[in-house]
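K.L.:
Could you work out the structure for the sequence below:
(one chain, ligands or ions: 1)
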Amino acid sequence: MNCVVQTEKLDFSYGERSILENLSIQMKKGLFYSIIGPNGSGKTTLLKLIARLLPTEHKRVFINGDDIDKLKPKDMAKRVSVVPQITDMQYEFSVYDIVMMGRAPYTSRFGKANTVDEESVVKAMKETGVYAFRDKKITQLSGGELQRVILARAIAQETEIMLLDEPISHLDIGYQYEISELVYDLCKTKGITVINIVHDLNIAMRYSDQIFMLKDGAIYGAGKPEDVITKTSIKDVYAVDVELIDHPTMKDKKVVVK
Ligand SMILES: Nc1ncnc2c1ncn2[C@@H]1O[C@H](COP(=O)(O)OP(=O)(O)OP(=O)(O)O)[C@@H](O)[C@H]1O
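P.N.:
Predicted coordinates:
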């Protein structure tokens, strides 16, 4: 099958507590996938399993048909970049150093960055609007600035798959749309497969080719945004009454809480 990312009857437990059960999903090249679902429904756990940040059994997660358990760390890093949820980063690295870390899979262990690496880093910093503070320490950045730096690092990594865990949660409304637009554009112009966890349903509606809606560690719905985000699904999954309203000039519907 022509899948870039595939999970096959994926289970995961934290100790005795089952988080994901029997999850089989398939994702195709160059599409933008959003993962939505309430707090605690297993979105981050799923993303971490695909990124190999949590252990799986053999033959549960595949990238281009290869069992990720069998891939060397560098191979994995050339294929998959991750924009994790922002946690405190207390390291005294500069913005430039952090973005350059995205080039690690392409340099030898003690190797120096070459011109290609430097160009890639500068381009990623400019795309995400962090070039102006490239020499600042990351401990001196706001949450939103740091979030864009981490995105720049993933862009500089130049992978075919990008996994993002709420990349816009700390951003102001301007950057929320700008960064969503940028990631969507990377997906469309470079054929990158994007898997993006997002809470804002209107953003998910606008910037997704396909959506997976999780409820209690299982897929509640999968498909096109307008087929997955409905009054009924939002009520069932989030226990919230919403209306889906046609916008006078935009083609995607808007979710409004009643
Ligand atoms: N390290 C851990 N140890 C034990 N339980 C965990 C751990 N990490 C997450 N969990 C639990 O697993 C469940 C799923 O968590 P996960 O982070 O995957 O959910 P999520 O859908 O991403 O939630 P949110 O929207 O709040 O980020 C939650 O109930 C959470 O408390």
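K.L.:
which SSE is the most centrally placed residue in the chain in?
P.N.:
Of all residues in the chain, the one closest to the mean position by Cα atoms, centre = their mean is Leu164, 1.7 Å from it. Assigned by DSSP states H and E, Leu164 belongs to strand 161-165.
K.L.:
For that strand, give me every contacting residue.
P.N.:
4-5, 43-44, 47, 50-51, 63, 79-85, 151, 154, 183, 186-187, 192-197 (Cβ atoms under 8 Å, 6 or more residues apart in numbering). C-beta coordinates here come from the backbone N, C-alpha and C atoms, glycine included.
K.L.:
So which of those are in helices?
P.N.:
43-44, 47, 50, 79, 151, 154, 183, 186-187 (DSSP state H).
K.L.:
Met102 looks like it's in a helix, true?
P.N.:
One correction, residue 102 is Gly, not Met. Yes: counting by DSSP: H, G, I helix; E, B strand; the rest coil, Gly102 is part of a helix.
K.L.:
Confirm for me that Ile234 is in contact with Glu243.
P.N.:
No: if you go by Cβ atoms under 8 Å, Ile234 and Glu243 don't touch, sitting 9.9 Å apart.
K.L.:
Are there residues contacting both of these two? Which ones?
P.N.:
Val255.
K.L.:
Pick out whichever of these two has more residues nearby.
P.N.:
Ile234 (21 against 12; other Cβ atoms under 10 Å).
K.L.:
is the ligand contacted by the helix or strand where that one lies?
P.N.:
Under the criterion of DSSP H and E, Ile234 resides in helix 231-238. No: if you take Cβ under 6 Å from any ligand atom as the test, helix 231-238 misses the ligand, and the best it gets is 11.2 Å.
K.L.:
what lines up beside the strand holding Leu164 in the sheet?
P.N.:
Strand pairing for strand 161-165, using DSSP bridges, gives strand 80-83 (parallel), strand 193-197 (parallel).
K.L.:
Does the ligand have contacts with the shortest one?
P.N.:
No: applying Cβ under 6 Å from any ligand atom, one finds strand 80-83 separated from the ligand by no less than 13.9 Å.
K.L.:
Contacts for that strand, please.
P.N.:
47, 50-53, 63, 102, 147, 150-151, 153-155, 157, 159, 161-165, 167.
K.L.:
still on that earlier bit, I'd like the strands paired with strand 161-165 as JSON lines, with distance to Leu10, mean pLDDT and mean neighbour count appended.
P.N.:
Below are those laid out as JSON lines (distance: least, Cβ to Cβ, whole Å; pLDDT from 0 to 100; neighbours: other Cβ atoms under 10 Å):
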{"stretch": "strand 80-83", "distance to Leu10": "16", "mean pLDDT": "96", "mean neighbour count": "24"}
{"stretch": "strand 193-197", "distance to Leu10": "14", "mean pLDDT": "97", "mean neighbour count": "25"}
